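Engineer: Sequence first, then the predicted structure:
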Amino acid sequence: MIAPLDTEQVRTALRKVVDPEVGANIVDLGLIYRIELDGNKLLIEMTMTSPACPMGEMIVDDAYAELDRILPAECQPEIRLVWEPPWAPSMMSEKCRLSLGWDEADSA
């Protein structure tokens, strides 16, 4: 029997999804707000860097594609776009901020 997935495996899969405008993955950008596994259900709440993000639909589609690669067939993922709290640069991982050339003063 295959071991059940955990949130870290989901997070690892989502790190393969890149925001093409920024060139960084959605996890390190701080776009993933919630990952909840409950039996055969997976809920992900995420945001975009802006409500007007022109790549939003593509990013969500890419996230579903990556989840399809790791989830068992009976697991039904749901991705919800949320806008509260609004995304801010301070939500990025330190590694992401550094790779994009942001320092702590920029992300406040």
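Structural biologist: Alright, I've got the coordinates.
Engineer: buried sites along the helix or strand of the chain with the lowest mean pLDDT?
Structural biologist: Between all helices and strands in the chain, the lowest mean by mean pLDDT, DSSP states H and E belongs to helix 94-99, at a mean of 92. Within helix 94-99, the residues that count as buried by 16 or more other CB atoms under 10 Å are 96-97. C-beta coordinates here come from the backbone N, C-alpha and C atoms, glycine included.
Engineer: and if you look at stretch 74-93?
Structural biologist: For stretch 74-93, the neighbour count (16+ other CB under 10 Å) marks 75, 77, 79, 81, 87, 89, 91-92 as buried.
Engineer: Now secondary structure, distance to L67 and pLDDT too, for those residues, in CSV please.
Structural biologist: Output for the buried residues of stretch 74-93, formatted as CSV (DSSP: H, G, I helix; E, B strand; the rest coil; distance: CB to CB, whole Å; pLDDT from 0 to 100):
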residue, secondary structure, distance to L67, pLDDT
C75, coil, 8, 89
P77, strand, 5, 95
I79, strand, 8, 98
L81, strand, 15, 96
W87, coil, 21, 94
P89, helix, 26, 91
M91, helix, 21, 94
M92, coil, 22, 95
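Engineer: Now the two most distant members of those residues.
Structural biologist: C75 and P89 (32.8 Å; CB to CB).
Engineer: number of nearby residues for the residue nearest to M58 when sequence neighbours are not counted?
Structural biologist: Counting by CB to CB, 6 or more residues apart in numbering, M58 lies nearest to P20, which is 7.5 Å off, once chain neighbours are set aside. Using other CB atoms under 10 Å, P20 is surrounded by 11 other residues.
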